[in-house]
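**Q** Based on what follows, work out the 3D shape:
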Amino acid sequence: MKNRSLLVAFLLIISGGGLYANPVEDGKTIFVSRCAACHNVNRILTGPALAGVDQRRSMDWIVKFVQSSQALIKSGDKDAVAIYHQFNQVVMPDHADLTSDNIKSIVEYINASTQKESDAPFVKPSKLETHYLPPSLQRDYGMFLIYLMAVGLLVALLLFIVRMNTIAEATRKKQVD
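**A** Next up, the predicted model:
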């Protein structure tokens, strides 16, 4: 837990300490490192899909829940208890080190991600965001050239070894005769 808080502090310092930081980018950084293991914007994973979370709950409630979901559940908050039971009583870890501004940045990132989805004439229930791009000849021609050169070198090496073995065999035959 201490390592995570150090990581978040380090990321905030690198990003300008929040003075000129983009809250959506800060929110994405925190979301990916802290939330993405259990949550997705549009799909239910271990925890609920988070699209529109700020429309379903107040920002104060969201901050309290993220900082200590179990405290909110133990206080008898009916929404927190319902979510806890809906997701098989899986305990969400406390994130007391996240400030309300950090959590607001996460919500801004969620809203920005949700808006990307709703730009289409119809809303898809989920869209896979690939974190890699498959190789393409137009974009990765250097890599393809390196690959072809490596294959060519291997073929040349194999031909050289076969030729050397042929010469060695011929030499042995001449010595035996």
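**Q** Walk me through the domains of this structure.
**A** 2-118, 133-177 (automatic domain parsing).
**Q** Mean pLDDT lowest where, among these?
**A** With a mean of 82, domain 2-118 has the lowest mean pLDDT of the domains of the chain.
**Q** What residues does the residue sitting nearest the centre point of the chain make contact with?
**A** In the chain, the centroid-proximal residue (Cα atoms, centre = their mean) is residue 32; its distance is 5.3 Å. Shown in contact with residue 32 (Cβ atoms under 8 Å, 6 or more residues apart in numbering): no residues. In this view, the C-beta of every residue, glycine as well, is placed from N, C-alpha and C.
**Q** mind checking how far it is from residue 113?
**A** Per Cβ to Cβ, to the nearest Å, residue 32 is found 11 Å from residue 113.
**Q** related to what we said a few turns ago, tell me the most buried of the domains of the chain?
**A** Highest mean neighbour count among those (mean count of other Cβ atoms under 10 Å): domain 2-118, with a mean of 16.
**Q** can you give me how far that domain is from the chain middle?
**A** Domain 2-118 sits 15 Å away from the centroid of its parent chain (Cα atoms, centre = their mean, to the nearest Å).
**Q** Regarding the protein, what is its longest helix?
**A** Secondary structure of the chain per DSSP state H: the longest helix is helix 141-176.
**Q** Could you tell me how far that helix lies from the centre of the chain?
**A** Here helix 141-176 is found 44 Å from its chain centre; the criterion is Cα atoms, centre = their mean.
**Q** Same check on stretch 159-177?
**A** 57 Å.
**Q** And the helices in the chain?
**A** Using DSSP H, the helices found in the chain span residues 2-14, 23-30, 53-56, 59-67, 69-74, 78-86, 100-118, 141-176.
**Q** Tell me the helices and strands packed up against the second one.
**A** Using 3 or more Cβ pairs under 8 Å, 6 or more residues apart in numbering; DSSP states H and E as the contact criterion, the secondary-structure elements in contact with helix 23-30 are helix 2-14, helix 100-118.
**Q** go again using 7 Å as the cut-off
**A** helix 100-118 (3 or more Cβ pairs under 7 Å, 6 or more residues apart in numbering; DSSP states H and E).
**Q** okay, the angle between the helix it packs on and helix 23-30?
**A** 100 degrees (axes from the mean of the first three to the mean of the last three Cα atoms, to 10 degrees).
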